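Enquirer: using only what follows, build the 3D model:
(chains A and B)
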Amino acid sequence: MIRYELLDLLKPTLTEELVVCNIGSPSQELHALDDQPSNFYMLGTMGLASSIGLGLAMATDKKVIAIDGDGSVLTNLGTLATIGNNPCDNFILLIVDNGSYGSTGDQPTYTGGRTSLAKVAEACGCENVVECSAEETPEALRAALDANRMTVIVSKCESGNVKCPVITMNPITIRERFMREVAR
Amino acid sequence: MAREIDRQIIGDLRDNGIDFVTSVPCKQLAGVIELVDQTDGILHVPCNKEDEGMGLCAGAYMGGMRPLIMMQNTALGVTLNSLATLIQFYQIPLPMLISYRGEVGEPVACQVEMALHTKALLAQFHIPTYHFHKAEDVAELPGILQHTQMCSKPTAILTDASFWGSAK
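Expert: Got it, this is the predicted structure:
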């Protein structure tokens, strides 16, 4: 199962929650599948979805899901230590781990090799880390939301993307409609 | 050990609604960071790298908080992309309290190398920049914090060795 199919599978679960979505193909695919004001699309800045999600979760009581990628987390690996040391029970980091840099042509990342982000997250102090298949991810996400405990989910997917249009929405529009959802 | 200047800066942050601070330490900012950690009403979340910190600040802002980042000018190199594509592109107000290393009084030669580029980079990125050189310059801080919110931009407050040396 590739990321697009996983996001499609997650649609019924992503309803009330605030979603911060990683740059490039992940945001484009989510936008094409299920555009909602409660989605914050990153149009640039690789690596910061988890940090934006954590900062947001610290500032709101609402549930926050950061949809990140393995390559993106690898570029900001310190984020797992910050998350592990500042647990926010309304925060879920969902790492779509397809072992590749999807937006740039599916070049392999090191998680396709010897690196386990689940083990890194655990070693960084994250207490609830779940590694699962893409097929198991909706159930894992539902369980994490119901548990009200900060959870890192590493969802093992196949490499691959579905061609979706580039998001042309104005960044201020994305932010303002998202902030209205946060404040609602 | 926090000093009077550190207490004044933290007081100005609180008075102007700053309630979220992330930081990467610097010797010159040690007192103010020590104090912010003990300040009620300001959530201090240390980050590992300054671009990560800008992500935290962007999230906190969208959650309704008023963030500030404390960092060293050497970190400008790792934050330029985040400043352009996140903070500026989405128009997020973000005051940056920056330890301006490499100016007169600097003991480490290597720090001068980034000091040479600091103001040029900030100018190139169209970031409103304020330079605290003497102790009394701190009086500008409340106005700068208000200006940052008004214009929804990142702003840079450069605090050099002379400023910290002359302050009580």
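Enquirer: packing partners of the longest helix seen in chain B?
Expert: What stands out as the longest helix in chain B, according to DSSP state H, is helix B:109-124. Under the contact definition 3 or more Cβ pairs under 8 Å, 6 or more residues apart in numbering or on different chains; DSSP states H and E, helix B:109-124 sits against helix B:76-82, strand B:129-132, strand B:154-159. In this view, the C-beta of every residue, glycine as well, is placed from N, C-alpha and C.
Enquirer: got the angle between the last one and helix B:109-124?
Expert: Computed with axes from the mean of the first three to the mean of the last three Cα atoms, to 10 degrees, the direction of strand B:154-159 lies at 150 degrees from that of helix B:109-124.
Enquirer: hey, C-alpha coordinates of strand B:154-159 in PDB?
Expert: Provided in PDB are the C-alpha atoms of strand B:154-159 (Å, rounded to 0.1, in the frame of the first residue of the first chain):
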ATOM      1  CA  PRO B 154      10.000  38.000  11.700                       C
ATOM      2  CA  THR B 155      12.100  40.600  13.400                       C
ATOM      3  CA  ALA B 156      15.700  40.400  14.600                       C
ATOM      4  CA  ILE B 157      17.000  42.000  17.800                       C
ATOM      5  CA  LEU B 158      20.700  41.800  17.700                       C
ATOM      6  CA  THR B 159      22.300  42.000  21.200                       C
END
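Enquirer: mind listing the strands it pairs with, and their directions?
Expert: Paired neighbours of strand B:154-159 in the sheet (DSSP bridges): strand B:94-99 (parallel), strand B:129-132 (parallel).
Enquirer: so which of the helices and strands packed on helix B:109-124 is the most surrounded?
Expert: Ranked by mean neighbour count, the helices and strands packed on helix B:109-124 are led by strand B:154-159 with a mean of 25 (mean count of other Cβ atoms under 10 Å in any protein chain shown).
Enquirer: how about the residues of chain A by chain B?
Expert: Neighbours of chain B within chain A, by Cβ under 8 Å from any Cβ of the partner chain: A:20, A:40, A:42-45, A:47-60, A:76, A:78-79, A:81-82, A:86, A:171-172, A:174-175, A:178-179, A:182-183.
Enquirer: quick check: residue A:79 vs residue B:91, distance?
Expert: 24 Å (Cβ to Cβ, to the nearest Å).
Enquirer: for these two, indicate the residue with more neighbours.
Expert: residue A:79 (29 against 14; other Cβ atoms under 10 Å in any protein chain shown).
Enquirer: how about the nearest residue to that one, chain neighbours excluded?
Expert: Spatial nearest neighbour of residue A:79, excluding adjacent residues (Cβ to Cβ, 6 or more residues apart in numbering or on different chains): residue A:50 at 4.5 Å.
Enquirer: give me the element that neighbour is part of.
Expert: Secondary structure from DSSP states H and E places residue A:50 in helix A:49-59.
Enquirer: tell me what that helix is packed against?
Expert: Where contact means 3+ Cβ pairs under 8 Å, 6+ apart, helix A:49-59 is packed against strand A:18-21, strand A:64-69, helix A:70-75, helix A:78-85, strand A:91-97, strand B:20-23, helix B:50-62.
Enquirer: what are the buried residues along the longest one?
Expert: In this case it means helix B:50-62. Going by neighbour count (16 or more other Cβ atoms under 10 Å in any protein chain shown), the buried part of helix B:50-62 is B:50-62.
Enquirer: one more: the third one?
Expert: Residues A:70, A:71, A:72, A:73, A:74 are the ones in helix A:70-75 that count as buried (16+ other Cβ under 10 Å).
Enquirer: the fourth one too?
Expert: Of the residues in helix A:78-85, A:78, A:79, A:80, A:81, A:82, A:83, A:84 count as buried by neighbour count, 16+ other Cβ under 10 Å.
Enquirer: residue contacts, the residue nearest to residue A:79?
Expert: Counting by Cβ atoms under 8 Å, 6 or more residues apart in numbering or on different chains, residue A:50 touches A:66, A:68, A:72, A:73, A:76, A:79, A:80, A:83, A:93, B:55.
Enquirer: could you report the pLDDT at the residue most central in space within chain A?
Expert: Residue closest to the mean C-alpha point of chain A, counted by Cα atoms, centre = their mean, is residue A:67 at 1.0 Å. Looking at residue A:67, its pLDDT stands at 98.
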